[in-house]
Structure formats: structure tokens, C-alpha cells
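**Q** task: produce atomic coordinates for the following.
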Amino acid sequence: MAERLLTFSIFRYNPATPEIPPRMQEFQLDETPNMTLFIALNRLREEQDPSLMFDFVCRAAVCGSCGMLINGRPGLACKTLTQDLPDRITLMPLPVFKLVGDLSVDTGVWFRQLNENLEAWIHTDKEFDPRSPEERMDNTLAQEIYEAERCIECGSCIAACATANMRADFLGAAGLNRIARFLIDPRDERSPYQIFEVVGTDEGVFGCIGLMACDDICPVEIPLQQQLALVRRKMAWAGLTGK
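**A** Next up is the predicted model:
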């Protein structure tokens with residue numbers, strides 16, 4: 001494949017220097033074989049502008065840190081090959097989350113608040129005994145729980161969500177996926193109605209308008225549409241029966 005000269009149009013703004021207004025800045029970079037956006041951004045920072053801000057940790061689509069808008073679509077820089085993109089690439093920070101600077105946003109505070117609001121831990125009256133053996137679980141059920149646990153909290157589903165972009169209090173697909181995980185876990189002793197009291201609102205499961213961009217955009221391909229359907233069904237029944 002012949003080398004291309006790529007043009008990057010990158011959002012620039014540092015909240016620490018508000019006197020400099022937000023702007024788009026262009027860079028050019030020669031494409032190398034199997035180059036990811038992560039590699040490209042690091043080259044731009046090392047070779048052209050050391051002030052360029054973006055996040056990364058694992059470089060393997062596990063940590064979710066490098067989420068950004070890639071030509072208007074949420075994605076992970078470390079998982080996106082430049083060969084799959086046109087010659088001109090526009091990069092912007094994920095919406096909804098607090099901007100740290102340039103392409104860097106603070107997803108950590110958002111997800112921590114989400115977990116606190118959902119009380120996203122096993123609720124049980126059993127006293128923990130570190131010497132006891134692990135509780136046995138059916139393999140199929142364990143796999144269903146693991147499916148929801150695969151969320152890397154990259155924020156892509158939130159950034160792609162129309163409701164989340166309109167209202168800051170919406171739990172989004174990430175939150176509803178987290179609830180689905182506890183609804184099917186037999187170790188959690190909360191009743192569906194107790195969970196309904198937390199998510200059975202417009203800020204929760206009934207706020208989704210059904211565009212399902214979250215399902216389409218998830219970089220680890222969690223079946224978010226299926227998880228949403230599970231939570232909606234159980235919450236609707238809990239709301240009707242009070243159980």
C-alpha cells in the first residue's frame with residue numbers, strides 16, 4: 001500500500017487558559033503500515049506539538065482511556081487504524097464529559113458518580129468469610145454476568161446517546177448495562193422493585209428514546225440493546241406489581 005499524507009484536524013482548547021478560544025488545528029503526518037490513531041497522536045505530540053493533550057494507558061482497547069470522536073463517531077484511538085479512514089481525519093473530544101483539554105475528557109468522575117448512584121455492588125446480608133470456598137454458579141449464568149462486566153467504561157456509548165447529550169442526569173447505556181448485571185446475579189439480594197426505585201424513571205431506563213447508537217458504537221461489542229430490553233422488561237413488571 002502506497003504511503004499517504006494524512007491531514008488531521010484536531011480540536012484544541014485548554015480550560016486552564018480560557019483567554020485562548022477553542023479552535024481546530026491542522027497537522028500533517030505521513031502514514032505508516034498498520035498505524036493506529038494512538039500511534040499517530042503520539043507522533044504528532046513527539047514530532048510537532050508537545051502541548052497536544054489526549055489520554056491513553058493500555059494501548060490494547062482494554063482501559064477505555066483513548067475514547068474520542070473520530071470523524072464524528074465515538075471510538076478508541078488505539079483500536080482505529082488510519083488505513084480505514086480517509087486522508088482527512090477530524091478528531092474531537094467526547095461530548096457529555098468534562099473537558100480536561102484538547103482530546104482529553106474526565107470520564108472517571110462521571111462513572112464513579114454513576115456507580116455510587118446505582119449502588120453498583122453486591123447487596124447481601126451474608127457475612128463475608130475469606131476462608132470459605134467460592135460460591136458455585138452455573139456456567140451459562142456466569143457468562144451472562146461476564147458479558148455485562150466487559151464494559152471498559154470508555155464513554156463511547158454515552159457520547160453517542162441522544163438522551164445523554166440532552167440531559168446530564170441520564171444513566172445511559174453504561175448505567176443500564178451495569179443494572180442488568182446485578183439483576184441477573186443471584187448473589188444480589190435486592191428485589192427488582194428495590195432496583196426500580198433507583199432506575200425506574202426518565203433519568204433511568206425509561207429515558208432511552210431507542211435510537212440504539214450505543215449498541216452500534218460499543219468498541220467491545222457488548223449487546224447493549226439486549227441489556228436494555230432485559231432491564232426495561234423487569235422494571236416495567238416491578239413497577240406494575242411492586243415486587
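**Q** hey, where'd the strands end up in this structure?
**A** 5-12, 23-30, 67-70, 73-76, 88-92, 98-101, 104-106 (DSSP state E).
**Q** buried ones in the second one?
**A** By neighbour count with 16 or more other Cβ atoms under 10 Å, strand 23-30 contains the buried residues 27, 29. Placement of C-beta: from N, CA and C, glycine included.
**Q** check which helices and strands it sits against.
**A** Helices and strands touching strand 23-30, by 3 or more Cβ pairs under 8 Å, 6 or more residues apart in numbering; DSSP states H and E, are strand 5-12, helix 37-47.
**Q** tabulate the ones you listed (JSON lines), appending distance to residue 102 and mean neighbour count.
**A** Listed next are the helices and strands packed on strand 23-30 as JSON lines, based on distance: least, Cβ to Cβ, whole Å; neighbours: other Cβ atoms under 10 Å:
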{"stretch": "strand 5-12", "distance to residue 102": "6", "mean neighbour count": "17"}
{"stretch": "helix 37-47", "distance to residue 102": "10", "mean neighbour count": "18"}
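**Q** nearest to residue 221, out of these?
**A** Nearest of the helices and strands packed on strand 23-30 to residue 221, taken as Cβ to Cβ: helix 37-47 at 19.1 Å.
**Q** please, where are all the helices along the protein?
**A** 37-47, 107-118, 139-149, 156-159, 162-166, 172-183, 192-199, 213-217, 224-241 (DSSP state H).
**Q** now do the buried residues in the last one.
**A** Of the residues in helix 224-241, those scored as buried under the neighbour-count criterion (16+ other Cβ under 10 Å) are 224, 227-228, 230-232, 234-235, 238-239.
**Q** for the spatially most central residue of the chain, which non-adjacent residue is closest in space?
**A** For the chain, the residue nearest the mean C-alpha position is residue 155 (2.3 Å; Cα atoms, centre = their mean). Closest residue in space to residue 155, ignoring its immediate chain neighbours: residue 107 at 4.4 Å, by Cβ to Cβ, 6 or more residues apart in numbering.
**Q** walk me through the domains of the protein.
**A** 5-105, 119-241 (automatic domain parsing).
**Q** can I get these in JSON lines with distance to residue 111?
**A** Shown next, in JSON lines, are these (distance: least, Cβ to Cβ, whole Å):
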{"stretch": "domain 5-105", "distance to residue 111": "9"}
{"stretch": "domain 119-241", "distance to residue 111": "5"}
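**Q** of those, which is nearest residue 113?
**A** domain 119-241 (10.1 Å).
**Q** state the mean pLDDT of that closest one.
**A** On average, the pLDDT along domain 119-241 is 93.
**Q** these two touch, right, residue 237 and residue 192?
**A** Yes. With contact defined as Cβ atoms under 8 Å, residue 237 counts as touching residue 192 (7.1 Å).
**Q** ok, now which ones touch residue 40?
**A** 6, 8, 29, 82 (Cβ atoms under 8 Å, 6 or more residues apart in numbering).
**Q** so which of those is the closest to residue 162?
**A** Set against residue 162, the nearest of the contacts of residue 40 by Cβ to Cβ is residue 8 (27.4 Å).
**Q** quick check: bridge partners of the closest one?
**A** Beta bridges link residue 8 to residue 27, residue 89, judged by DSSP bridges.
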